[in-house]
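S.K.: Sequence first, then the predicted structure, then my questions.
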Amino acid sequence: MSSKPRLRGPGSSRESGEVVLEVSSLNLGEPRKRWRSAFIAIYCTRALRSVVREIVCRPAETVINLKGIDKNVSIDPSFASDDTKKLINMVKEKNLDAFHELEGVDRIAAALMTNPETGIRGDDEDLKRRREAFGINNYHRRPPKSFFYFVVGSLKDPTILILLVCASLSLAFGIKEEGPREGWYDGGSIFIAVFMVVIVSAVTNFRQSRQFNELSKVSNNIQIDVVRNGRRQRISIFDIVVGDVVCLKIGDQIPADGIFLDGHSLQVDESSMTGESDHVEINKDVHPFLVSGAKVVDGYGQMLVTSVGMNTSWGEMMSSISHDNNEQTPLQVRLNKLTSAIGKVGSVVALSVLLVLLVRYFTGNTVDENGNRQYNGKKTKFDDIMNGIVHIISVAVTIIVVAIPEGLPLAVTLTLAYSMKRMMADQAMVRRLSACETMGSATIICTDKTGTLTMNQMKVTDFKLGKEAILGNIASAIHPNILELFHQGVALNTTASVYKADSASEPEFSGSPTEKAILSWAVQELNLDMTKMKQSYDILHVETFNSQKKRSGALVKKKSEETIHVHWKGAAEIILRMCSRYYDKSGVVKTLNKPEQEGVMHQIEGMASQALRCIAFAHSPVEVAHQNLVEDNLIFLGVVGLKDPCRPSVKEAIDLCRKAGVQIKMITGDNILTARAIALECGILDPAKSTGKEMVEGVEFRSYSEEERMTKIDNIKVMARSSPSDKLLMIQSLKKKGEVVAVTGDGTNDAPALKEANVGLAMGIQGTEVAKESSDIVILDDNFKSVVSILKWGRCVYNNIQKFIQFQLTVNVAALVINFVAACSAGEVPLTAVQLLWVNLIMDTLGALALATDRPTDELMDRPPIGWKEPLVTNVMWRNLIFQALYQIIVLLTLQFKGRSIFKVRELVKNTIIFNTFVLCQVFNEFNARKLERKNVFQGILKNRLFLSIVAATIILQVLMVELLRKFADTERLNWMQWGICTILASLSWPLAWVVKCIPVPKTPFLNYLKWKRS
């Protein structure tokens, strides 16, 4: 017999792949035995490593057959293409036969390597393989509009097209007459100027388009709860993969196609996909299919994701929809009307100038720089005539370009885009552009309490069992049977969950703040073992919580017994009215007669007056399970008081709103005493002035007659125990009184109120997807201070637009009057087509950028809300622009007619001085436009670096136009004294503005006087 160890490998008579080390039993000495043992240990370790490496490195299987799957076996989640299509089509077509053929959700979950209880593994490798196999949860978006698209759009402007034609003719005749070296200047300069206007306009629009697209992506990034590796976590809808277990609750949007796993009373609204308004009840047997894009309207549950992204009907539909933001806000509509009216006036002036110049030209009254007549009848060459006519037409068209304030709609787009970006930093995501400006007119804000005025950090601070307050160690102070009933009532009648990675780790709670607070209290104070309770009991039926009934119920059965209990939890006074008996701490059931009930109610009121939210528990044993839970003759278990402290900044924010002329009304589902305590703490109610008429319960409010409601509504500051229908009624009544109403909401049932309000504000943290979709703005941090920030931004948007209107109308009036008077009297215009286009660029694009991007200031809150019927151009603006325009007209016409004699210069130098003074007047007037009423126009100017940069850029470009681009701009170099005179003349607009702002203006709008005269 051989004395050497023998290794039997894959080729041996044993099974292939088995590694065996056989050692014959020999009589070895002690040292040799130790060496032999070491050798065997080392060899075995190496052999095991090679086996493990072979298993780990084995390539993944690429095919899984959906049929005949053992659900207890883990299988690689990589389907064959046929099986993948079968699964996708099964949910799309809601094919119940195919579902049963695949032997139900458990077998499909096993095929997808998903544990229905703990979900997928969820590590990076697992997620990567699932995405490679089944795709990502996103749809193909249409490519965003390119820069070239906006260039083409700018070139489609009729006036730009006419200018291009004129430039082409001027270029052709100029080259023919003077040769390519000198003849291209006039036409080429217009081409370059038009090109600059088009490019700057296209760049601005392109940037705003990209910004809106970025904000759209943020608004589509919905957060969803999933279970991965046994842990419930919140992830982006775009991160969901096939095999995920998704937790659904009321208000959620279904993120992908899938199959119902487990849940209670789950109903969905599929109208976004099917157009049918009837709600679909989801269950395991008859309707287990959940389609992407549908909304959960009732109940809660879990689903298994079977297809994502472009493999869902929702993905296909969304990829075919254009996401262009063509919404026109009310302010843009009003500005379009104003632009049209100004454009008509400008067109009349331009046509008049055209006729005057043509008549003067053909009558021989137009002379060139040397004083020679340009038209000498038949002696004049055809090319000279055409060149003269083209020059006249280009000037007239350029006057139209300057007169039509295309910058007004651009200014709105700029200020809205800028405001939306900044508001994101201030925790507000704008979903509808019109909401930005509407907030500037808001007169009333109807706000929730929980999470908006308070911090949404619930904690149980008080507990009463029956009639008795329990202090110290609660678990040992009450009878074990009652403790077990509390365990049932908390663990089995909740939508919250608890997760512990191991026995030594701290528990993690997920769910709504109220549910988390109660569950945390039960785990820590009552020694609740959530896992054990779930394993020991079956939940037979659930009635989910809703804001109408303000309670939730569950019918439960212990697996080891036949006992069935119904458990209720909800608003303390509502649960108390359902009870006829109660427990004492020794476990004895006692009758809850009227005096006893009043005593318990008195305790609840005492807790509520301390700003505690009171949640009561009740139960009853039942003999037979029914779908309709028992609602009377219950046994009262006890009540917990939850404290949610006010946000530190909320009182200051409410005072700021009151100062700004905006009323705050609190609408809450809480007890009226809890609501009063919070309202006093936040400053909504003044204890010195409170008469009791400021508070009302929802039941009382809806019982008022319409006349009574309209009379009392102004005094109501707090509405407690309100339902969503009460909130809707409040908003409708306020709107009938002419108020502009902003309202906050977070629940699915708040959707009608959010849509009805002038501005709907949804909560970003606690708000459901239904509420967010119904809103205009999403408050990302659920903080009332952010609501006040939005109010400031709304006023800022309107104020920035008014600044730009004043600035642009001043330029329009001055330019039109100067050109018209000069054309009619002298037969020429002082500003060339290129110079007018440069002025147009300054006031349209650069002016809009400079004035439309001011940030909100506290002084905006010192004035009342902006009335919807208030004219865009106020009396203050008329006063400012008329005096500034008159000053510019006087100065420039003086230079036009007396400039040569005053400065002793040639005609071209005089025209350059006029052009330079006119541009510098606009630069200085930009400072004046920053403050419509305040005399100090420099306040806060250092905070707006963009404004200073644009002013600096304008001055630098103007110097280049005058000093270096003489042929292009048709200018002449100026000396230091001439530059100084131009600057002094322009800067005089500053003291003029200071003096003008001392002149009082009437409150009645200026245009109303014209209407009275007509009538």
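M.R.: It's in.
S.K.: how close does residue 876 get to residue 996?
M.R.: To residue 996, residue 876 is 10 Å away according to Cβ to Cβ, to the nearest Å. C-beta coordinates here come from the backbone N, C-alpha and C atoms, glycine included.
S.K.: Likewise for residue 896?
M.R.: Distance from residue 896 to residue 996, by Cβ to Cβ: 24 Å.
S.K.: Please identify which helix or strand holds residue 752.
M.R.: helix 751-756 (DSSP states H and E).
S.K.: Could you point out the helix or strand that follows that helix?
M.R.: Counting by DSSP H and E, what follows helix 751-756 is strand 759-763.
S.K.: Please state the offset of that next one from the chain centre?
M.R.: 10 Å (Cα atoms, centre = their mean, to the nearest Å).
S.K.: who are the neighbours of that strand, in terms of helices and strands?
M.R.: Packing partners of strand 759-763 (3 or more Cβ pairs under 8 Å, 6 or more residues apart in numbering; DSSP states H and E): helix 434-438, strand 741-745, helix 751-756, helix 769-774, strand 777-779.
S.K.: could you give the angle of that strand to strand 741-745?
M.R.: Interaxial angle, strand 759-763 versus strand 741-745 (axes from the mean of the first three to the mean of the last three Cα atoms, to 10 degrees): 20 degrees.
S.K.: Direction included, what does strand 759-763 pair up with?
M.R.: Strand 759-763 sits in its sheet next to strand 741-745 (parallel), strand 777-779 (parallel), going by DSSP bridges.
S.K.: wait, isn't residue 249 in contact with residue 495?
M.R.: Yes - assessed by Cβ atoms under 8 Å, residue 249 is found in contact with residue 495 at 6.0 Å.
S.K.: Mind listing the shared neighbours of these two?
M.R.: residue 300 (Cβ atoms under 8 Å, 6 or more residues apart in numbering).
S.K.: Out of the strands paired with strand 759-763, which is closest to residue 886?
M.R.: Between residue 886 and the strands paired with strand 759-763, the tightest spacing by Cβ to Cβ is seen for strand 741-745, at 41.1 Å.
S.K.: which residues touch that closest one?
M.R.: Residues from elsewhere that reach strand 741-745 (Cβ under 8 Å, 6+ apart): 439, 442-448, 452, 667, 727, 731, 734-735, 751, 753-754, 756-763, 767, 771, 774-775, 779, 787, 791.
S.K.: Buried ones among those residues?
M.R.: 439, 442-448, 452, 667, 727, 731, 734, 751, 753-754, 756-763, 767, 771, 774-775, 779, 787, 791 (16 or more other Cβ atoms under 10 Å).
S.K.: now the lengthiest helix in the chain: mean pLDDT?
M.R.: Longest helix in the chain, counting residues (DSSP state H): helix 784-826. Per-residue pLDDT over helix 784-826 has a mean of 85.
S.K.: Repeat that for stretch 453-461.
M.R.: Mean per-residue pLDDT for stretch 453-461: 87.
S.K.: Can you name the residues bridging to the one residue sitting closest to the centre of the chain?
M.R.: What sits nearest the mean C-alpha location of the chain, by Cα atoms, centre = their mean, is residue 429, with 2.5 Å. Note on residue 429: beta-bridge partners by DSSP bridges are residue 778.
S.K.: pLDDT score for it?
M.R.: pLDDT, read off for residue 429, is 86.
S.K.: With residue 244 instead?
M.R.: pLDDT recorded at residue 244 is 94.
S.K.: Now it: phi and psi?
M.R.: When quoted as degrees, to the nearest 10, the phi and psi of residue 244 stand at phi -60, psi 150.
S.K.: Tell me how many other residues crowd it.
M.R.: The tally of other residues near residue 244 (other Cβ atoms under 10 Å) stands at 28.
S.K.: Chain neighbours aside, what residue packs nearest to it?
M.R.: Nearest residue to residue 244, sequence neighbours excluded (Cβ to Cβ, 6 or more residues apart in numbering): residue 305, at 4.5 Å.
S.K.: Would it be right to say that that neighbour lies in a strand?
M.R.: Yes - counting by DSSP: H, G, I helix; E, B strand; the rest coil, residue 305 is located in a strand.
S.K.: For it, list the residues it contacts.
M.R.: Taking Cβ under 8 Å, 6+ apart, one finds 240, 241, 242, 243, 244, 245, 246, 255, 256, 257, 258 in contact with residue 305.
S.K.: Pull the most distant pair out of those.
M.R.: 245 and 257 (14.3 Å).
S.K.: between those two, who's got more neighbours?
M.R.: Ranked by neighbour count (other Cβ under 10 Å), residue 245 and residue 257 place residue 257 first, with 28 against 24.
S.K.: just checking, the more buried one touches residue 288?
M.R.: No - contact criterion Cβ under 8 Å: residue 257 and residue 288 do not qualify, at 11.7 Å.
S.K.: Spit out the contact partners of the nearest residue to residue 147 once chain neighbours are set aside.
M.R.: Computed as Cβ to Cβ, 6+ apart, the closest residue to residue 147 that is not its neighbour in sequence is residue 206, at 4.9 Å. By Cβ under 8 Å, 6+ apart, the contact set of residue 206 is 145, 147, 150.
S.K.: Who are the contact partners of the second one?
M.R.: Neighbour list for residue 147: 202, 203, 206 [criterion: Cβ under 8 Å, 6+ apart].
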